[in-house]
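Asks: sequence plus predicted model, see below.
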2 protein chains.
Amino acid sequence: MKPFKITSKSNKARTGIFTTRTGQYETPFFMPVATKAAVKYLDAEELEEISTQSIISNAFLLYLKPGLDVIKKHKGLHNFMNWKNCIFTDSGGFQVLSLNDFKDKFSDKGLKFKSPFDGSLHELTPKKVMEIEQTLGSDVAMCLDQMPLYSSTYEQVKEATARTHLFAKQCIKYHKGKSQLLFGIAQGGTFPDLRKQSAQFISNLPFDGIALGGLAVGEPLDKMKEMIKISIENMPEEKPKYLMGVGSPKEIIEAVEQGIDIFDSVWPTRNARHGKIFTSEGYLEIEKSQNKNSPEPLEKNCNCKVCKTYTCAYLHHLFKTNEPTGKKLLSYHNLYFLQDLMRKIRGAIKEGKFKELKDEYSCFG
Amino acid sequence: MKPFKITSKSNKARTGIFTTRTGQYETPFFMPVATKAAVKYLDAEELEEISTQSIISNAFLLYLKPGLDVIKKHKGLHNFMNWKNCIFTDSGGFQVLSLNDFKDKFSDKGLKFKSPFDGSLHELTPKKVMEIEQTLGSDVAMCLDQMPLYSSTYEQVKEATARTHLFAKQCIKYHKGKSQLLFGIAQGGTFPDLRKQSAQFISNLPFDGIALGGLAVGEPLDKMKEMIKISIENMPEEKPKYLMGVGSPKEIIEAVEQGIDIFDSVWPTRNARHGKIFTSEGYLEIEKSQNKNSPEPLEKNCNCKVCKTYTCAYLHHLFKTNEPTGKKLLSYHNLYFLQDLMRKIRGAIKEGKFKELKDEYSCFG
């Protein structure tokens, strides 16, 4: 059975059913980031409350801590973190990039890195990454890839993309998980020819889904949209498409419009911790003095428990006094807002009203 | 109507019904500390889940931030923080003590201090404190007192106790809240004659309840027990008695045995954040390597959602990786454990089995 079935379309935007070993999930969906097996400040029960279909964790970090022996004893990551719905695991190439010096770490064999926990030396090969992700038991394993920085030259991006392709083939070879899906990652930086080439290369391999990597790394929105367009045009329609690292309402809507099905980002939770709140009128900065005495909720039309319960004044107070309960409540609201947006996006596509929805959210710039 | 009614006794330990403007509460009870209108990492819904009857907040800090204008606009602290049950407010003398130089700040008029938020100068008089607590609209206002340090000399404690008595009389004079109860605070350090004198003095004033202040500040447990004994012997049986700052299972049980009805402390939440966990077998240090691969809950017989849901290995992992979700879950468990202990204490007193309960919890040393 194919893991993805398109259920409705509105121009290039589409809804679908994504089937993994834990169940069926409606696309387009957004994944909160649980890098180290927890979404910051929230527990699994709260993520379920806000209708979270999938989360994404990091294979590389979980391999280091708690280590695979602990995950094995719990019979996988789902049991370990008590999460019953879908889990994607990313390989961790991105984390290595941000934690370690980039140039020296990658070779055609894989990547070498120092543990951020204890400085110990490790090597991640495509084979090793597949073994780790299989042990974690995620619904969807992501390939090892090499993501170039936005500042990289054409030659650097070309090299990283070629290596990503090499890794992709090896990941397919070593992926043994019968019930685990495997997604390839297309790279190519912001160079149209490399994007096209990578989209075609990854599309020609027997992956269950395709991710667009290396975007939302600092490039202008128009550049991102151009790269998404080139990628999508060179990918088969029937496969689920995952835009990695995107989580702002505006970018999500733009990407869904082009045919993206899956998203993940720390954007809603990180912004919540910094007091930047999603509302139907755009961003609200909770720190601003206008909220100091406001008896209104963050968002009048929001049905989340934070908006039903607490005022802007209270949340402003918790933010200003650096109370962790404030970060928790603001994270809850931002994720609720985004899951609610995804629900509305799915509804709008089904009803052929995606353009109206896009207009409604134009407050996000 | 008297706000306190003793409902059963087992030697000096007793259960009672404490009636405030928000409802009836069963004693003995324990109050989590919501200094700045939030218990760290937890929201009001979670505190209700664990059967919290009352919390305690800090009048001095809330007066500075968010300020009384904000609280007034919300018609009181209950609405501001969305807490429907009982709220005690402490004056803040203790916070001033820990934040500012002690000697120069107190006079017979009150105390002067610098705001920890912006360095602005403020003066708290008994009159001002009563006005603040009335505006906050707490169920129970605590008097302004001067708490001596454990290291204070006899003369220093004598002076602080005399000033506490002066403030107590003025607080009664200026307390206008009809539906708000007022508790006096007996001091006396660890000097038997001063404790006795202060217990008698405060007992002779028309307070709704009496607190024992200046204990659990570093003195040995036997010294604390001796001071509680002297205090209780010199206080009327029918008034509710509140031992301030006590929150370890052992100290609570010892104090209930002597006739204490009400407790508050940051002990359960602060210890949770430092990985020291309450269990029926005593303290568990979640950081220890024996928990790294443990598929057991924190506490086998605990019915809290953390123990029903997560393993020691998961909580150990969150603690070691400094994930805020870990601090939240551990805080939840420790407070649940303590509220469950209070429920068991009330049951044991009613059934005349307090000694058996004390034996059962002897694991706390």
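Replies: Perfect, thanks for sending it.

Asks: separation between the closest residue to chain B within the stretch 101-250 of chain A and A:S151?
Replies: Closest to chain B within the stretch 101-250 of chain A is A:F117: 8.3 Å, counting by CB to the nearest CB. In this view, the C-beta of every residue, glycine as well, is placed from N, C-alpha and C. For A:F117, the distance to A:S151 equals 28 Å [CB to CB, to the nearest Å].

Asks: what do you get for A:Q290?
Replies: A:Q290 is 38 Å from A:S151, by CB to CB.

Asks: for A:E287, give me its contacts.
Replies: Applying CB atoms under 8 Å, 6 or more residues apart in numbering or on different chains to A:E287 gives the contacts A:275, A:316, A:319-320.

Asks: what is the three-state secondary structure of the residue of chain A most remote from its centre?
Replies: Using CA atoms, centre = their mean, the residue of chain A lying farthest from its centre is A:N293. It sits 35.7 Å away. Secondary structure, DSSP: H, G, I helix; E, B strand; the rest coil: A:N293 is coil.

Asks: can you list the domains in chain A?
Replies: The record's domain parsing of chain A by automatic domain parsing lists A:4-265, A:268-356.

Asks: chain center to the shortest one: distance?
Replies: Distance of domain A:268-356 from its chain centroid, counting by CA atoms, centre = their mean, to the nearest Å, is 20 Å.

Asks: closest to A:H175 among the contacts of A:E287?
Replies: A:G275 (41.7 Å; CB to CB).

Asks: tell me the pLDDT of that closest one.
Replies: We note a pLDDT of 98 for A:G275 in this prediction.

Asks: and if you look at A:L99?
Replies: 63.

Asks: then A:P126?
Replies: 96.

Asks: confirm for me that it is in contact with A:L182.
Replies: No. Taking contacts as CB atoms under 8 Å, A:P126 lies outside contact range of A:L182: 11.2 Å.

Asks: which residues are common contacts for the two?
Replies: Common contact partners of A:P126 and A:L182 (CB under 8 Å, 6+ apart): A:143, A:171.

Asks: which ones are touching A:N334?
Replies: A:N334 sits next to A:268-269, A:271-272, A:277-278 when contact means CB under 8 Å, 6+ apart.

Asks: sorry, that was for A:K5
Replies: A:16-17, A:19.

Asks: 10 Å instead?
Replies: By CB atoms under 10 Å, 6 or more residues apart in numbering or on different chains, the residues touching A:K5 are A:15-19, A:24, A:27, A:238, A:240.

Asks: for the residue of the stretch 51-200 of chain A at minimum distance from chain B, grab the count of nearby residues.
Replies: Here the residue of the stretch 51-200 of chain A nearest chain B is A:P66; by CB to the nearest CB that distance is 4.2 Å. For A:P66, the tally of surrounding residues (other CB atoms under 10 Å in any protein chain shown) stands at 24.

Asks: could you do A:S151 as well?
Replies: For A:S151, the neighbour count with other CB under 10 Å is 9.

Asks: kindly report the same for A:P220.
Replies: With neighbours defined by other CB under 10 Å, the count for A:P220 comes to 9.

Asks: A:E233 now?
Replies: A:E233, neighbours per other CB under 10 Å, totals 14.

Asks: can you check A:K72 too?
Replies: Neighbours of A:K72 (other CB under 10 Å): 14.

Asks: once you drop chain neighbours, what's closest to it?
Replies: Leaving aside its sequence neighbours, A:K72 sits nearest to A:T135 (CB to CB, 6 or more residues apart in numbering or on different chains; 6.2 Å).

Asks: residues contacting that neighbour?
Replies: So A:T135 contacts A:59, A:62-63, A:68-69, A:71-72, A:76-77, A:177 (CB under 10 Å, 6+ apart).

Asks: which phi and psi does it have?
Replies: phi -70, psi -40 (degrees, to the nearest 10).

Asks: and if you look at the one 5 residues further on?
Replies: For A:V140, the backbone dihedrals (degrees, to the nearest 10) come out as phi -130, psi 120.

Asks: tell me what it is bridged to.
Replies: A:F88, A:L181 (DSSP bridges).

Asks: that one is in contact with A:I185, isn't it?
Replies: No. Using CB atoms under 10 Å, A:V140 is not in contact with A:I185; the gap is 11.8 Å.

Asks: bridge partners for the spatially closest residue to A:M1 that is not a sequence neighbour, pull those for me.
Replies: By the measure of CB to CB, 6+ apart, the closest residue to A:M1 outside its immediate chain neighbours is A:T19, 7.0 Å from it. With DSSP bridges as the criterion, A:T19 is bridged to A:Q24.

Asks: then A:I56?
Replies: Beta-bridge partners, per DSSP bridges, of A:I56: A:V33, A:F88.

Asks: and it, how many neighbours?
Replies: The number of residues near A:I56, taken as other CB under 10 Å, comes to 24.

Asks: and for A:S57?
Replies: Neighbours around A:S57, by other CB under 10 Å: 26.

Asks: so what's it up against?
Replies: A:31, A:33-39, A:77, A:80-81, A:83, A:87-90, A:92, A:133, A:136, A:138.

Asks: report pLDDT for it.
Replies: Confidence for A:S57, expressed as pLDDT, is 98.

Asks: how about A:G119?
Replies: Confidence score, pLDDT, at A:G119: 82.

Asks: which residue is the nearest non-sequential neighbour of A:K358?
Replies: Of all residues not flanking A:K358 in the chain, A:I253 sits nearest, at 5.4 Å (CB to CB, 6+ apart).

Asks: thinking again about what came up before, please convert the contacts of A:T135 to TSV, extending it with distance to B:N11 and secondary structure.
Replies: Shown next, in TSV, are the contacts of A:T135 (distance: CB to CB, whole Å; DSSP: H, G, I helix; E, B strand; the rest coil):
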residue	distance to B:N11	secondary structure
A:A59	60	helix
A:L62	54	helix
A:Y63	58	helix
A:L68	56	helix
A:D69	52	helix
A:I71	52	helix
A:K72	53	helix
A:G76	53	coil
A:L77	53	helix
A:G177	64	coil
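
Asks: next, give me the two most distant ones among those residues.
Replies: A:D69 and A:G177 (18.8 Å).

Asks: what about A:N301, how many neighbours?
Replies: A:N301 has 10 nearby residues by other CB under 10 Å.

Asks: surely it touches A:E360?
Replies: No. Counting by CB under 10 Å, A:N301 stays clear of A:E360, with 11.4 Å between them.

Asks: need the overlap of contacts for the two.
Replies: Common contact partners of A:N301 and A:E360 (CB under 10 Å, 6+ apart): A:S280.

Asks: look up how far B:H316 lies from the nearest residue in space to A:P236 that is not next to it in sequence.
Replies: In space, and not counting its chain neighbours, A:P236 is closest to A:S203: 5.8 Å by CB to CB, 6+ apart. Distance, A:S203 to B:H316, using CB to CB: 43 Å.

Asks: and these two? which has more neighbours close in?
Replies: Per other CB under 10 Å, whichever of A:S203 and B:H316 has more neighbours is B:H316, with 24 against 16.

Asks: any idea which helix or strand comes after the helix or strand containing the more buried one?
Replies: Of the helices and strands defined by DSSP states H and E, B:H316 is found in helix B:312-320. Going down the chain from helix B:312-320, the next helix or strand is helix B:324-350, by DSSP H and E.
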